[in-house]
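Novice: here you go, sequence then predicted model.
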Amino acid sequence: MFYAIIGKPIQHTRSPLMQNTALRAVGLTHEYRAVEIDPAYLERDVRKLVTDGCAGFNVTIPHKQAVIPLLSAIDPEAKAIGAVNTVIVKNGSLRGYNTDIDGFRSSLLPHKEQIRGKHALLIGAGGAARTAVYSLVNDFHLTHLTIAARTPDKARVLANTFSERVPISVCSFEEAELLPAVKQAAVIVNSTPIGMHPNTNASPLPATMKFHNEQIVFDLIYTPLQTTLLLRASANGATTVNGLEMLIQQGARAFELFTGKQMPIDIVKEAVLKSLSQSS
Ligand code: NAP
């Protein structure tokens with residue numbers, strides 16, 4: 001019996017480090033493997049994983065939506081988000097969950113009161129943005145959400161899917177459109193990879209844009225922990241949140257689903273921080 005993460009590419013994922021560290025710390029000997037699966041062979045390779053004895057697996061890019069038709073059951077929240085990152089295998093049947101939502105939610109929850117009744121700006125409209133939009137409109141009592149994307153059609157799909165509770169508008173990356181959204185937002189979330197290692201000088205917002213001390217700026221990136229966006233936001237007095245907590249908490253919830261045990265967060269965080277410091 002073993003656990004796994006499936007995706008392509010898969011070599012940069014921290015999940016094997018996190019899950020194997022946690023498994024050993026709670027006295028379990030099962031292995032958690034990284035398994036590269038090409039989108040063309042997703043169904044065949046998932047079936048093989050199950051027959052080989054996989055009891056549960058995480059799902060990363062590009063399979064979080066494509067895995068859904070292969071499931072026998074799906075958790076209601078994962079269904080509403082439209083993406084699955086954790087699958088539990090029981091007697092050959094597959095049940096899907098979304099634990100990214102737990103990570104996103106717990107990262108912003110300490111700032112809930114500061115965000116309540118205010119505007120939010122989400123940058124990016126890819127896979128992680130689906131989770132971000134779902135949580136922003138359901139957990140934080142916003143009055144308005146703007147999604148800024150270089151492919152506005154993708155942002156419009158998100159806006160149409162999730163605008164029942166909160167009005168959602170879409171804007172491009174043009175400075176004239178972005179500036180009012182940045183000024184109004186009590187929380188700004190970056191869900192693009194702009195600023196991620198190795199392009200650490202890049203930022204999804206130009207240097208001319210200023211932040212203020214009542215804003216929360218959350219960058220989902222965790223390599224590096226302090227992106228150019230967060231460094232600028234912090235220099236302007238904004239509160240910043242990096243992607244580490246989200247990474248750890250999505251893994252912790254998945255670990256709980258896999259094993260029924262609590263992840264030893266401190267031990268896992270220490271291992272992740274050590275690995276991040278070695279790779280930067
Ligand atoms: P994704 O599905 O590929 O989506 C990326 C989004 O960013 C898309 O909207 C894409 O636009 C946009 N984008 C990419 N490069 C851009 C550029 N140069 N200019 C403008 N827009 C650009 O990726 P994802 O899964 O959502 O992940 C996004 C980021 O979140 C990554 O950095 C990832 O590491 C991070 N993340 C962190 C956690 C965590 O636990 N902390 C979890 C999930 C994701 P197009 O649609 O036009 O291509």
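Specialist: It's in. Residues are numbered from 1 along each chain as shown.
Novice: around the ligand, pick out the residues from the chain.
Specialist: By Cβ under 6 Å from any ligand atom, the part of the chain that sits against the ligand consists of 61, 100, 103, 124-129, 149-151, 154, 191-194, 196, 220-222, 243, 246-247, 250. In this view, the C-beta of every residue, glycine as well, is placed from N, C-alpha and C.
Novice: list only buried entries from those.
Specialist: 100, 103, 124-125, 127-129, 149, 154, 191-194, 196, 220-222, 243, 246-247, 250 (16 or more other Cβ atoms under 10 Å).
Novice: with just CA atoms, put stretch 2-14 into PDB.
Specialist: Taking C-alpha atoms only, stretch 2-14 is exported to PDB below (Å, rounded to 0.1, in the frame of the first residue of the first chain):
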ATOM      1  CA  PHE A   2       1.300   3.500  -0.900                       C
ATOM      2  CA  TYR A   3       0.200   7.100  -1.500                       C
ATOM      3  CA  ALA A   4       1.200   9.300  -4.500                       C
ATOM      4  CA  ILE A   5       1.000  12.600  -6.300                       C
ATOM      5  CA  ILE A   6       0.200  12.600 -10.000                       C
ATOM      6  CA  GLY A   7       0.900  15.500 -12.400                       C
ATOM      7  CA  LYS A   8       3.200  16.600 -15.200                       C
ATOM      8  CA  PRO A   9       5.800  18.000 -14.600                       C
ATOM      9  CA  ILE A  10       6.100  16.500 -11.100                       C
ATOM     10  CA  GLN A  11       9.800  16.900 -10.100                       C
ATOM     11  CA  HIS A  12       9.400  20.300  -8.400                       C
ATOM     12  CA  THR A  13       6.500  19.300  -6.100                       C
ATOM     13  CA  ARG A  14       7.100  19.500  -2.300                       C
END
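Novice: where do the helices sit along this structure?
Specialist: For the chain, the helices defined by DSSP state H occupy 15-25, 42-51, 76-81, 100-108, 112-115, 127-139, 152-162, 175-184, 228-235, 244-259, 265-279.
Novice: just give the closest residue to the residue of the stretch 101-250 of the chain found nearest the ligand, not the sequence neighbours.
Specialist: Proximity of the stretch 101-250 of the chain to the ligand (Cβ to the nearest ligand atom) peaks at Gly126, 1.8 Å away. Spatially, and ignoring its direct neighbours in sequence, Gly126 is nearest to Ser191 (6.6 Å; Cβ to Cβ, 6 or more residues apart in numbering).
Novice: tell me how far the one you found lies from Leu179.
Specialist: Between Ser191 and Leu179 the computed distance is 19 Å (Cβ to Cβ, to the nearest Å).
Novice: show me the domain layout of the chain.
Specialist: 2-98+247-279, 102-242 (automatic domain parsing).
Novice: pipe the ones you listed into a markdown table and attach mean pLDDT per row.
Specialist: Converted to a markdown table, the domains of the chain look like this (pLDDT from 0 to 100):
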| stretch | mean pLDDT |
| --- | --- |
| domain 2-98+247-279 | 97 |
| domain 102-242 | 96 |
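Novice: thinking again about what came up before, nearest to Leu70, out of the helices of the chain?
Specialist: helix 42-51 (5.6 Å; Cβ to Cβ).
Novice: for burial, what's the neighbour tally of the nearest residue to Leu23 once chain neighbours are set aside?
Specialist: Counting by Cβ to Cβ, 6+ apart, Leu23 lies nearest to His30, which is 5.8 Å off, once chain neighbours are set aside. For His30, the count of nearby residues is 17 (other Cβ atoms under 10 Å).
Novice: show me what contacts His30?
Specialist: For His30, the contacting residues are Met1, Phe2, Tyr3, Leu23, Ala55, by Cβ atoms under 8 Å, 6 or more residues apart in numbering.
Novice: what sits closest to Glu175 if chain neighbours are left out?
Specialist: Pro206 (6.4 Å).
Novice: that's all I had, so thanks and see you.
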